[in-house]
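**Student:** Here is a sequence together with a model predicted from it:
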Amino acid sequence: MIERLSSGQASIDEILGGGLPSPAINLVAGAPGSGKTMLAQQYAFTNGTIERPAVYLATTSEPLDKLVRYGQELSFFDASKVGSAVLYDSLLEPLASGGLQGVIERVIELLRDVRPGVLVFDSVKSFRSFSPDEYSHRQFISELAGRLSAAPTSTFWVGEYTARELPDSIEAAVADAIIQLATVHEGQRMLRQLRVDKVRGSSFRSGDHAYRLGDDGLSAFPRLADPVDEATARPSTERISLGTPEMDELFGGGVWAGTSTLVIGPSGVGKTMLGLDFVAAGARAGHRAVFATLQESVSQLTRVIQAGAWSGLRDHLEIHRRSPVDMYIDEWVQDLLATVERTGADLLVVDSLSDLRLASPDETRFEEYVYSLGQRCSRNGTTVLMTLETRPPFAFAGTFDTSLSHIADNILLVGYRVDGSEVRRAVHVLKSRGSAHDQQVYEFTVSSDGLKIGEPIALDVGLPIRAPAATGPAPSLEAR
C-alpha cells in the first residue's frame, strides 16, 4: 500500500488520486507567479511536524525573508510552526563555497541530522547556472535524486520550467510526480490550469483542472469527466412534474426521475418561468430544489417568485447565483454539486447553458461538462432541467443549432411564431426517452401565475395539427 501525502485540500488530493505518493520526488513546474511556491508551502505546513519537520530550502530565486513575509498572509501559514515543524534555510552559502558538491553535502547533513519529512528546493532549476556543462548538470541531478530517494522524505523540486522544456529535462526524467501550473489567456480572460503529467505507481485525474490563488493558498477544481456507469443504473418508476398537468401530459405523465430535460428557445419566451414551474411542482410534492442562475440576480428572481404562484418555494428552494464574469466552469460545477449535496436537493435547474458556454474556452470541453453533469446527477437520482438560448428570436422548431441534443433525455422546444400583427408562443416536445410523448405543437402563454398550455396549432408550413399514425420520420417543423 502506497502512503499518501496530503496537500491540505481535498480537491488537490482528489486530482492526485488521493494525494502524492510518499516518499517521492515531486516536480512542480510553471511560470513565475503561477503559484509554485504557494503550493510547496501548503505541503510544508500541512505535513511538517516537530519530529519530522518540513525544510524549505531557497536557492537563488526567492530570498528567505520574502518567503516568510508573504507566506504570513496565507491562512495555512502557522507562525507557531516556524522554527520547529517548518524550517526555512538557504543554499546560497553552500553554493558559493562548494558549488554543486556543497549542495550535496548540505543535503546529506539535513537528511542525517534533521530527518525532514518534507524537503523543498526552490528553485531547483537555478542549479543549471552552476553547472559547467549539460553532462555535469545531469550528473548532479542524478546524484541528488539518488540521495533523496534513499531517505524517507517527500521532496519537492520547484522550477520555472515551460511545457516545452520538461520532456527533455533530467529533472522530469527522475521525478516520481510532475505537476504543471499554467496560465491560459482566452480573449480578455485569464484561466489558471493545473495538470498532472506523471505519478509513478498511482492513478490520477487526467486533463486540465482550473485553480485559483487566494488567501487559502492554491485551490483547485477537478474537471468533471463522468463516464457512463451502467452498473449503477437504476431505472426509476417515479414521474416528476414539470409544473402543470397539461405540460406533464405532453411528456406522457411528466419526466422520469433522474433524467435531464433541455428547454431550448429564444430570449424572453419563458424558459426561466418553466424552470420555476418545475421546482414549484416539486415543492408541492415534497422535493427540494436548487435553481442555478447565471442571468437573473437573486433579488430579481426572488421578486418574480414572490409576485407569482411560486411564493411557497422559500423552504424548498436554494438559489445558486454566480456571475458569468471571470467564471471558471470547473469551479462553478464543483460548487453547484456541493450545493445540491448540502441541501439534499433532488431537483436542479440550470439557467442558462448559453452563459455557461461563454465561460468554457473549448466547445468540446463544454459539451463534456454538460454530459458529465447529467451523468453525475443521474447516478445521484437528481432530476435536471437546463435551458439553452437560441437565435433568431422569431423562429420555432428546426431553427436551433446545438450539439447538446443527444445529451438530454428530454427536449422541449419553446419559441415564437408571427400570426399577422401578433407574436405568439408555441411549445413542442421534440424528444422524450422512454415515453410516448405528444407529437403536436401547442400555443402557450406566460403570466405571473406561470405557463399555461393552450390549443394545438398548425404552423404556417401547413403541418397537420395531429401527428400521423404511420411510422417513419417526423415532418419538419421549421417555420418559414
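**Tutor:** Sure, I can see it. These numbers were taken from a predicted model, which means no experiment stands behind them.

**Student:** What residue spans form the domains of this structure?
**Tutor:** 3-221, 234-456 (automatic domain parsing).

**Student:** For the shortest one, give the distance from the opening residue to the closing one.
**Tutor:** Read that as domain 3-221. 23 Å (Cα to Cα, to the nearest Å).

**Student:** Report the distance from it to the chain centre.
**Tutor:** 25 Å (Cα atoms, centre = their mean, to the nearest Å).

**Student:** Now do it, average pLDDT.
**Tutor:** Here domain 3-221 scores 93 as its mean pLDDT.

**Student:** sorry, back to before: got JSON lines for the domains of the chain, with mean neighbour count too?
**Tutor:** Just so you know, the C-beta spots here come from the backbone N, C-alpha and C atoms, and that holds for glycine as well. Listed next are the domains of the chain as JSON lines, based on neighbours: other Cβ atoms under 10 Å:
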{"stretch": "domain 3-221", "mean neighbour count": "18"}
{"stretch": "domain 234-456", "mean neighbour count": "18"}
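
**Student:** Contact partners for the most centrally placed residue in the chain?
**Tutor:** The chain has Asp330 as the residue nearest its centroid, 1.8 Å off, counting by Cα atoms, centre = their mean. Asp330 sits next to His209, Ala210, Phe221, Pro222, Arg223, Leu224 when contact means Cβ atoms under 8 Å, 6 or more residues apart in numbering.

**Student:** swap in Leu148?
**Tutor:** Leu148 neighbours (Cβ under 8 Å, 6+ apart): Ile25, Val107, Leu111, Leu119, Thr155.

**Student:** redo that, cut-off 10 Å
**Tutor:** Contacts for Leu148 (Cβ atoms under 10 Å, 6 or more residues apart in numbering) come out as Pro23, Ala24, Ile25, Val107, Leu111, Leu119, Phe121, Ser154, Thr155, Trp157, Val174.

**Student:** Tabulate the CA atom coordinates of stretch 113-127 in CSV.
**Tutor:** Extracted as CSV, the C-alpha positions of stretch 113-127 are listed here (Å, rounded to 0.1, in the frame of the first residue of the first chain):
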residue,chain,number,x,y,z
ASP,A,113,20.6,15.4,11.4
VAL,A,114,17.2,16.9,10.8
ARG,A,115,15.4,13.9,9.2
PRO,A,116,12.9,16.0,7.3
GLY,A,117,9.5,14.6,6.3
VAL,A,118,9.2,17.2,3.6
LEU,A,119,12.2,18.8,1.8
VAL,A,120,11.6,21.7,-0.7
PHE,A,121,14.1,23.1,-3.2
ASP,A,122,13.0,26.5,-4.6
SER,A,123,14.2,26.7,-7.3
VAL,A,124,15.9,23.5,-8.5
LYS,A,125,16.2,25.0,-12.0
SER,A,126,18.7,27.5,-10.7
PHE,A,127,21.3,24.8,-10.2
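
**Student:** Which parts of the stretch 351-480 of the chain are strands?
**Tutor:** 383-389, 410-419, 422-432, 442-447, 450-456 (DSSP state E, counting those that start in this stretch).

**Student:** Provide the strand pairings for the second one, with the direction of each partner.
**Tutor:** Looking at strand 410-419 with DSSP bridges, its paired strands and their directions are strand 260-265 (parallel), strand 422-432 (antiparallel).

**Student:** The last one to strand 442-447, inter-axis angle?
**Tutor:** Going by axes from the mean of the first three to the mean of the last three Cα atoms, to 10 degrees, strand 422-432 is angled at 120 degrees with respect to strand 442-447.

**Student:** Please apply the same query to the first one.
**Tutor:** With the same axes, to 10 degrees as the basis, strand 260-265 and strand 442-447 are set at 80 degrees to each other.

**Student:** could you check the angle strand 383-389 makes with strand 260-265?
**Tutor:** Using the same axes, to 10 degrees: strand 260-265 against strand 383-389 is 20 degrees.

**Student:** farthest residue from the center of this protein?
**Tutor:** Most peripheral residue of the chain (Cα atoms, centre = their mean): Ser97, 48.6 Å.

**Student:** Can you give me every residue that contacts that one?
**Tutor:** By Cβ under 10 Å, 6+ apart, the neighbours of Ser97 are Glu105, Arg106.

**Student:** Output the helix or strand harbouring it as CSV, nothing but the C-alphas.
**Tutor:** Here Ser97 sits within helix 92-109, counting by DSSP states H and E. Written as CSV, here are the backbone C-alpha positions of helix 92-109 (Å, rounded to 0.1, in the frame of the first residue of the first chain):
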residue,chain,number,x,y,z
LEU,A,92,23.4,30.3,-1.2
GLU,A,93,26.3,29.7,1.2
PRO,A,94,26.9,26.1,0.2
LEU,A,95,26.7,27.1,-3.4
ALA,A,96,29.1,29.9,-3.0
SER,A,97,31.7,27.9,-1.1
GLY,A,98,31.4,24.5,-2.6
GLY,A,99,29.3,24.7,-5.7
LEU,A,100,27.0,21.9,-6.5
GLN,A,101,29.1,19.5,-4.4
GLY,A,102,28.4,21.8,-1.5
VAL,A,103,24.7,21.4,-2.1
ILE,A,104,25.1,17.6,-2.0
GLU,A,105,27.0,17.8,1.3
ARG,A,106,24.4,20.1,2.8
VAL,A,107,21.5,17.8,1.8
ILE,A,108,23.4,14.8,3.4
GLU,A,109,23.6,16.8,6.6
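
**Student:** circling back: mind checking which of the contacts of Leu148 are in strands?
**Tutor:** Ile25, Leu119, Phe121, Ser154, Thr155, Trp157 (DSSP state E).
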